[in-house]
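*Asks:* My questions concern the predicted model and sequence given below.
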Amino acid sequence: MRKEKFGVSKDGKEVFLYTLENSRGMQAVVSNLGAILVRLIVPDAEGKCTDVVMGYDTLEEYYEKDGFLGAVVAPNANRIANACFSIDGVEYYLDANDGPNNLHSHKELGGHKRVWDVAEGESSITFSLEMADGELGFPGNRELKITYTLTEENELKLEYAGTSDKKTILNMTNHSYFNLDGHDAGDISDHVVTLYADSFTEILPGAIPTGKILPVKGTPMDFGTPKRIGEEIDSEWEQLTMVGGYDHNWCLNDFDGSVRLVACAKNPSGSRTMKVYTDLPGVQFYTANSLTERTGKGGANYGHRGAFCLETQYYPDTPNEPDFPSSVFGPDRTYHTTTIFRFE
């Protein structure tokens with residue numbers, strides 16, 4: 001594992017880049033700021049290696065620019081309606097940072113902008129972060145962990161863990177923006193995606209679930225067989241027009257706590273395939289509809305629909321929807337989940 005200085009955090013801590021590498025040329029470069037996946041260099045069918053995730057060249061840009069590029073979102077990913085929830089009759093209030101709702105815990109103080117502690121392994125690295133009872137509005141003294149492992153099978157394995165001395169909400173994810181032609185390749189409309197999900201969570205304006213789980217069959221949400229991202233993304237269908245494309249949670253098939261194949265993405269030429277495995281119940285498929293124009297790594301131009309996200313997680317607004325799979329964890333229920341991105 002290689003380690004290099006990336007800069008100094010706003011609170012005076014040293015920030016580094018750590019490079020995991022296998023014998024097949026695949027590299028994952030991660031930072032202890034936000035447990036961010038800064039670069040993911042992957043070979044294609046001819047062995048040509050390309051960085052397939054959006055990111056920035058400087059530490060300062062990760063602080064200054066929005067979008068959560070490559071970061072681990074913690075303690076809770078996605079949206080919570082009206083920025084509040086209750087556990088056992090006690091109400092908790094969060095930062096209202098997305099209209100009246102909460103998005104990704106906190107835009108400035110969430111895990112994506114914290115410096116995590118580091119434990120290095122031979123082919124893995126573990127980042128850990130402590131949050132105090134009441135911090136960001138969530139109960140419990142919490143210890144959060146994320147372990148990145150790079151395998152010889154070209155798998156980037158992400159294992160999340162968390163403990164809390166009170167019942168709390170834990171629902172972490174990695175917010176990488178993928179473009180399998182390269183982070184700087186532009187529009188992803190011709191990428192082909194499969195989602196092994198027969199239903200999705202219907203949303204209201206503001207992308208908050210209504211509580212209804214609807215079938216994908218007969219709608220633009222049906223990716224049960226391989227389909228171009230752009231095939232129906234601009235349909236005049238309310239679920240798409242209210243968020244400008246895909247930014248929804250799919251309810252993944254066969255959720256029983258075991259790791260299984262849940263999604264597949266291919267670049268237009270078919271030279272690079274990414275398969276996603278997880279033990280979680282949902283995945284937020286996001287097509288960067290609201291990503292504003294910006295400069296990324298190497299001077300690349302990033303913007304609208306220049307990448308896609310497959311964020312494995314519990315459903316959005318789960319704390320307020322008792323019929324959704326529960327994201328309440330605490331002394332009697334330890335948080336541990338696994339997601340794997342496998343490249344072929």
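*Replies:* Sure thing, it's come through. Note that the coordinates shown come from a computational prediction; the quantities given were computed from them, not determined experimentally. Residues are numbered from 1 along each chain as shown.
*Asks:* Run through the bridge partners of R39.
*Replies:* V29 (DSSP bridges).
*Asks:* Next one: it, what pLDDT does it get?
*Replies:* R39 carries a pLDDT value of 98.
*Asks:* For the stretch 151-300 of the chain, which segments are assigned as strands?
*Replies:* For the stretch 151-300 of the chain, the strands defined by DSSP state E, counting those that start in this stretch cover 155-164, 168-169, 173-174, 192-195, 197-203, 209-215, 227-228, 247-252, 260-266, 273-278, 282-286, 294-295.
*Asks:* for T151, what are its contacts?
*Replies:* Counting by CB atoms under 8 Å, 6 or more residues apart in numbering, T151 touches N22, S123, K157. In this view, the C-beta of every residue, glycine as well, is placed from N, C-alpha and C.
*Asks:* Residues in a beta bridge with the last one, which ones?
*Replies:* Meaning K157. As assigned using DSSP bridges, the partners bridged with K157 are T149, I340.
*Asks:* Please report how far it lies from N174.
*Replies:* According to CB to CB, to the nearest Å, K157 stands 11 Å off from N174.
*Asks:* what about those two, which has more around it?
*Replies:* Shown here are K157 and N174; by other CB atoms under 10 Å, N174 has more neighbours (26 against 19).
*Asks:* residues contacting the more buried one?
*Replies:* L37, G70, A71, V72, V73, I146, L158, E311, T339 are the contacts of N174 under CB under 8 Å, 6+ apart.
*Asks:* State the distance from it to V72.
*Replies:* For N174 relative to V72 (CB to CB), the value is 6 Å.
*Asks:* so what's in contact with these two at the same time?
*Replies:* Contacts common to N174 and V72, judged by CB under 8 Å, 6+ apart, are I146.
*Asks:* thinking again about what came up before, out of the contacts of N174, which comes closest to C49?
*Replies:* L37 (16.0 Å; CB to CB).
*Asks:* tally of neighbours for the closest residue to that closest one other than its chain neighbours?
*Replies:* Nearest residue to L37 in three dimensions, chain neighbours excluded: G70, at 4.2 Å (CB to CB, 6 or more residues apart in numbering). Neighbour count for G70, taken as other CB under 10 Å: 26.
*Asks:* residues near V30, how many?
*Replies:* 27.
*Asks:* how far away is it from S23?
*Replies:* The spacing between V30 and S23, counted by CB to CB, is 19 Å.
*Asks:* And I188, how far from R305?
*Replies:* 6 Å.
*Asks:* ugh, wrong one, I meant D165
*Replies:* Counting by CB to CB - D165 and R305 are separated by 43 Å.
*Asks:* who has more neighbours, the two?
*Replies:* Neighbour totals were compared for D165 and R305, and R305 leads with 21 against 13 (other CB under 10 Å).
*Asks:* Now do the shared contacts for I188 and R305.
*Replies:* Joint contacts of I188 and R305 (CB under 8 Å, 6+ apart) are T287, A288.
*Asks:* before we move on, the earlier item: any idea which of the contacts of N174 is the one closest to D247?
*Replies:* Using CB to CB, the contacts of N174 come closest to D247 at E311, 10.3 Å.
*Asks:* Run a quick neighbour tally on that closest one.
*Replies:* E311, neighbours per other CB under 10 Å, totals 22.
*Asks:* For it, give the beta-bridge partners.
*Replies:* Q284.
*Asks:* separation between it and L17?
*Replies:* Using CB to CB, one gets 23 Å for the distance from E311 to L17.
*Asks:* now swap in G99 and tell me
*Replies:* Distance, G99 to L17, by CB to CB: 35 Å.
*Asks:* Done for today, thanks.
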